[in-house]
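Asker: no sequence for this one, just the structure:
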């Protein structure tokens, strides 16, 4: 086995080194602190494997046949799994779950008090050249190791061939967690560390919800808001009551085993198991690409039902503690739902507006601008948790509110940072949650009871299906766009449960059947994530549910949508009907008149959405997007023909253009090694705003009317400019967590293309001066100068190219 | 005004309007009372000033064009029939209408007719083409005053480029339909008329 692994594995250099370091440190720690022998043995085995692994360079011989590379990857995955287990073993063996603090105090007192006669352990008599103090770094070390485990698992998952296409990521992560938990249990014969409810609610959940809220498609969400609220509030109430009451009925039918489960307990259990979980829904729905309306319905419901869930859970919990319950209490409970929901909303609005206002003043300290987004959102979450309001609603509202203002105020780089960090944190959080779900499943506290577990499963599915059917029948009469039966099926089937129920069940006050509840919750979660998660994709294909259209937005669509909005608002005014468009229009006017003026920087205020779409498309075209639809590829301009990406050419070059290009190329190739890119230090970032104005117009603008001299159609925008090569920007609209590492669908990985880019850089920079320095076929350059203050993305490479030309 | 309004609208008129536009009886009566409340001169027709008296319409960037759409060619007054005919374009398409046979004349609220209505918003001179200038006018109304002409021109160029297929630098009705084929026009251009 070892020999096989040694010979056939092919791991990437950096990953191998990291893991080696981890394992070696663990080994040292183990050895010095003298834990049980079996741990050492396991670790040594893993170290041997690691050492024997031949580290191959990044680009191995291309002549290798495909099946061997698949074998390599599978073997690589096995090695990863082994090494992960090795990482988890030592750290977990050193930390039993509930005793984190005492061991920390002991060694400290030992170190300080060597004359203490009581506990005379290893008192050093000579100066130690090399010492290890694990307990000093214990807490952060373990946290980092767990995060490392989660991230490596995710990496391994994406490298494992065709598995991602069939099994959703969440399932695999739970399986990894189960494996690690099993290993830890096997070594220590006691429960592995579990996910504490506090850690989950305070640290792991907010990034995911913030990410979801920030990238929420606002327009679609508000158009469907009525339906979403209908499902979230009424649907959850229906589910809770239904499941609670019918479970009580089941308990009454089996009094010998379930006799001590009271109605309130059942209702409490119903309240935590009925809620659809946003984390699970997000992670599964991200990969199935259903149409946006369906997605927003399920996802919006999972976000907004938090208010109802929180209130019902706390309500039933407090009822359990109270000696008697009166009707007034139930009524007060109902009021609390409203207070919790609206309170969370208002808090979110408040913090969102504050964040927008703060971002207005960040022009001089752009590096910390993204930080405000995170700080304010997290603050809104914590404040609402403190006041027992709905934290999820607060953070989602905060994100939705501040997004448009922050995006307008903050520089392009900061925008990219915000998006990337959000994706990264939410990805890590989600991975950790699922792994801990798996690990926490392995415990001593399970109590199995066939009737209860099976009936809970069945009832969950049944009540959800019934609820969706009934509610949709009612709401379809009020909607313009009816929810079809197929969509309803997916909504009902996509009601996945996740880590929120898991944490809530641990928070119940102890009573004899608590362990049964825990087991049942775990079973329900595992069932929904595995069975429903894995089968939903084939079902979507089978039922031919309408999928998401993968097309880029075009400027025409944006313009026509806006026109239709205005038109419909006008017609509603004529008819005297205060419909959706009327209110939307009113809000837009209010927004423009007061909010935007107050919250957005002066120079950025008049930015209509049409202009934004147009600029975005221009940027994309210059970077050479692969996803551009065919209609835009056909009309490509002159400069783009010189770019290395494979695109069909439009027309042949004029001889003087060819000459100038040749000149620029020969000049710039000499300067290739000069490395004049300005050093990136956090104190020089604000220079980008000044370079905006210094920049000379590089592009030629030919309107259609003047294009008669050229057979091709118009060039648009600054084609000659080469914007910054940050690969993150190109992925902006298609950005999803599972796609940032490697796409799950068989698309060419966008991360591979940064490699040819530096090689193409000198040529691209040649375009800039080519376009700018060539006055002959150019229309007047002065009008294009007016656009410079309006262009937002920083273009450092271009000023560099200009310096180049001046020197040469 | 209620009772007086309903007596002014005869039953056979309601039936005709119902056949032509597809509205229900109660919707027609309700819209008639709205028509009468707009009709300050009480002469059974609406003029442009009556429309301009609606406050929100005045600040709508497309206000004038919408008002124009109600008035047939070179006329200054619109009666209730014409009013309903225009509003019929915005009736939601119902399921039972989707499968009608195509030999019957197309109802006013079919997708093509809705798109034609939107097309006429751009095409003021009714030459069945949206030229660059017409597009520029609309864009200027919608985008505001702080954008330079150059930039607006390039946006207009890009729009035409995305849509134009026969290379005549203007958008014909068929090209317009093609551009909007991905947009759910039936849903976007519908108002829920209360029963």
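Answerer: Now that the structure is in, tell me what you want to look at. Since we're looking at a predicted model, the values are computed, not measured.

Asker: residue most distant from the centroid, chain B?
Answerer: No residue in chain B sits farther from the centre than residue B:150, which is 30.4 Å out by CA atoms, centre = their mean.

Asker: now the helices for chain B?
Answerer: B:2-8, B:11-21, B:25-38, B:48-52, B:55-59, B:63-70, B:80-87, B:95-98, B:111-122, B:132-143, B:149-163, B:173-179, B:185-188 (DSSP state H).

Asker: residues touching the closest residue in space to residue A:218 that isn't next to it in sequence, list them.
Answerer: In this structure, residue A:218 finds its nearest non-sequential neighbour in residue A:400, 6.2 Å apart by CB to CB, 6 or more residues apart in numbering or on different chains. C-betas here are computed from N, CA, C, even on glycine. Residues in contact with residue A:400 (CB atoms under 8 Å, 6 or more residues apart in numbering or on different chains) are A:213, A:214, A:216, A:218, A:221, A:348, A:352.

Asker: ok, the second one touching residue A:422?
Answerer: Spelled out, it's residue A:214. Yes - using CB atoms under 8 Å, residue A:214 makes contact with residue A:422 at a distance of 5.7 Å.

Asker: quick check: end-to-end length of stretch A:526-537?
Answerer: 17 Å (CA to CA, to the nearest Å).

Asker: for stretch B:185-192, same thing?
Answerer: Span of stretch B:185-192 from end to end, CA to CA: 14 Å.

Asker: please identify the buried residues of it?
Answerer: By neighbour count on 16 or more other CB atoms under 10 Å in any protein chain shown, the buried set for stretch B:185-192 is B:185, B:186, B:188, B:189, B:190, B:191.

Asker: what about that stretch, average pLDDT?
Answerer: Averaged over stretch B:185-192, pLDDT sits at 78.

Asker: for that stretch, which outside residues touch it?
Answerer: Contacts of stretch B:185-192 (CB under 8 Å, 6+ apart): A:480-481, A:561, A:564, A:567-568, A:571-572, A:575, A:577, A:579, A:581, B:89-93, B:109, B:111, B:114-115, B:117-118.

Asker: what's the answer for stretch A:383-393, then?
Answerer: Contact with stretch A:383-393 is made by A:201-202, A:205-206, A:209, A:278, A:303-304, A:306-307, A:310, A:314, A:339-341, A:343-345, A:347-348, A:351, A:381-382, A:394-395, as judged by CB under 8 Å, 6+ apart.

Asker: mind doing that once more with 7 Å?
Answerer: Contacts of stretch A:383-393 with the rest of the structure, by CB atoms under 7 Å, 6 or more residues apart in numbering or on different chains, involve A:209, A:303-304, A:306-307, A:310, A:340-341, A:343-345, A:347-348, A:381, A:394.

Asker: what do you get for stretch A:163-173?
Answerer: Around stretch A:163-173, the neighbours that count as contacts under CB under 7 Å, 6+ apart are A:153, A:157-158, A:280, A:283-284, A:287, A:431, A:434-435, A:438, A:529-530, A:533-534, A:738, A:744.

Asker: where does the chain have low pLDDT?
Answerer: Since you didn't name a chain, this refers to chain A. Filtered on pLDDT under 70, chain A yields the residue ranges A:1-125, A:445, A:550-553, A:604-609, A:624-658, A:660-808.

Asker: I was after chain B.
Answerer: Using pLDDT under 70, the flagged stretches of chain B are B:1-9, B:95-105, B:144, B:194-195.

Asker: center of it - which residue?
Answerer: Nearest to the geometric centre of chain B sits residue B:117, at 4.8 Å (CA atoms, centre = their mean).

Asker: just give the number of residues close to the residue lying closest to that residue once chain neighbours are set aside.
Answerer: Nearest non-adjacent residue to residue B:117, counting by CB to CB, 6+ apart: residue B:89, 4.8 Å away. Residue B:89 is flanked by 22 other residues according to other CB atoms under 10 Å in any protein chain shown.

Asker: right, and residue B:89 touches residue B:116 too?
Answerer: No - taking contacts as CB atoms under 7 Å, residue B:89 lies outside contact range of residue B:116: 8.4 Å.

Asker: ramachandran coordinates for residue B:191?
Answerer: The phi/psi pair for residue B:191 (degrees, to the nearest 10) reads phi -120, psi 140.

Asker: if you could redo that for residue A:374, that was the one I meant.
Answerer: phi -70, psi -40.

Asker: residue A:336 is in what secondary structure piece?
Answerer: helix A:327-360 (DSSP states H and E).

Asker: buried set for that helix?
Answerer: For helix A:327-360, burial by neighbour count (16+ other CB under 10 Å) applies to A:333, A:336-337, A:339-341, A:343-345, A:347-360.

Asker: now stretch B:166-178
Answerer: Buried residues in stretch B:166-178, counted by 16+ other CB under 10 Å: B:169, B:170, B:171, B:172, B:173, B:175, B:176, B:177.

Asker: contacts for it?
Answerer: In contact with stretch B:166-178 (CB under 7 Å, 6+ apart) are residues A:704, B:115-116, B:119, B:128-132, B:160, B:163-165.

Asker: so can I have TSV of these showing neighbour count?
Answerer: Shown next, in TSV, are those (neighbours: other CB atoms under 10 Å in any protein chain shown):
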residue	neighbour count
A:704	19
B:115	22
B:116	16
B:119	19
B:128	14
B:129	18
B:130	25
B:131	19
B:132	18
B:160	22
B:163	24
B:164	19
B:165	12
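
Asker: can you tell me which two in these are farthest apart?
Answerer: Farthest pair in the contacts of stretch B:166-178 (CB to CB) is A:704 and B:116. Separation: 25.2 Å.

Asker: distance check, the nearest residue to residue A:294 once chain neighbours are set aside against residue B:121.
Answerer: Among residues not flanking residue A:294 along the chain, residue A:487 sits closest, at 5.0 Å (CB to CB, 6+ apart). Per CB to CB, to the nearest Å, residue A:487 is found 32 Å from residue B:121.
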